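**Q** build the 3D model from these lines:
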Amino acid sequence: MAFLSGPRLLDWASSPPHLQFNKFVLTGYRPASSGSGCLRSLFYLHNELGNIYTHGALPIIHCTLACRPWLRPAALVGYTLLSALAGWRALTAPSTSARLRAFGWQAGARLLVFGARGVGLGSGAPGSLRCYLRMDALALLGGLVNVARLPERWGPGRFDYWGNSHQIMHLLSVGSILQLHAGVVPDLLWAAHHACPPD
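**A** I've put the predicted structure just below:
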């Protein structure tokens, strides 16, 4: 997907402070960007490119709209643009709660896709929809726990090393990713062998 040349990338020490959360990733940081700069970053190589394309729901949309070829490209492009906007808003968010809210539109778009599938307007492997609903529920729960700073809020100092909200969020994120995998694999196998009914 990386086919445009982008701006000069930064090393960790030169990157914006809000991106300096992992001192072990040394290079490949995007400089601060405008909204159009964030959209452009979908098409050049940097250290967040893989994260952008794995968020989300593109295989779910692809399979759900497998029998709606006129709608599928628009939905995929629309979700990609929405993801870029969410990423930009999350990167520039002044707080953890604002960062969580930045992904609300993405979640809303996925819920529309899930709804279309649930009422028969979309398609996919039987059982995958339940996996996707669990995926989003776990991700949301992880975000809420992290924003609420639970349980360390109830016992400051007791959870400094183990069991704090950030660790709980990561565990729930792993569960969320496993649910995504459990839904996408059967969906892709279904899409490879499914013939859409004639219009």
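
**Q** name the nearest residue to L19, ignoring sequence neighbours.
**A** Nearest residue to L19, sequence neighbours excluded (Cβ to Cβ, 6 or more residues apart in numbering): Y29, at 5.6 Å. (Glycine included, C-beta is placed from N, CA and C.)

**Q** hang on, isn't that neighbour packed against D11?
**A** Yes. In this structure, Y29 is within contact of D11 by Cβ atoms under 8 Å, at 6.9 Å.

**Q** between the two, which is the more surrounded one?
**A** Shown here are Y29 and D11; by other Cβ atoms under 10 Å, Y29 has more neighbours (19 against 11).

**Q** list the contacts for the more buried one?
**A** Listed by Cβ atoms under 8 Å, 6 or more residues apart in numbering, the contact set of Y29 reads L9, L10, D11, W12, S14, S15, P16, L19, H46, N47.

**Q** SS state for the last one?
**A** N47 carries the three-state label coil when classified by DSSP: H, G, I helix; E, B strand; the rest coil.

**Q** read off the pLDDT value for the closest residue in space to it that isn't next to it in sequence.
**A** Closest residue to N47 apart from its sequence neighbours, by Cβ to Cβ, 6+ apart: G28 at 3.3 Å. At G28, the model reports a pLDDT of 85.

**Q** which stretches of the protein form helices?
**A** Along the chain, the stretches classed as helices by DSSP state H are 35-40, 49-54, 58-64, 72-91, 96-102, 104-118, 128-148, 165-193.

**Q** buried deepest among these, which one?
**A** Among the helices of the chain, judged by mean count of other Cβ atoms under 10 Å, the one packed with the most neighbours on average is helix 58-64 (a mean of 22).
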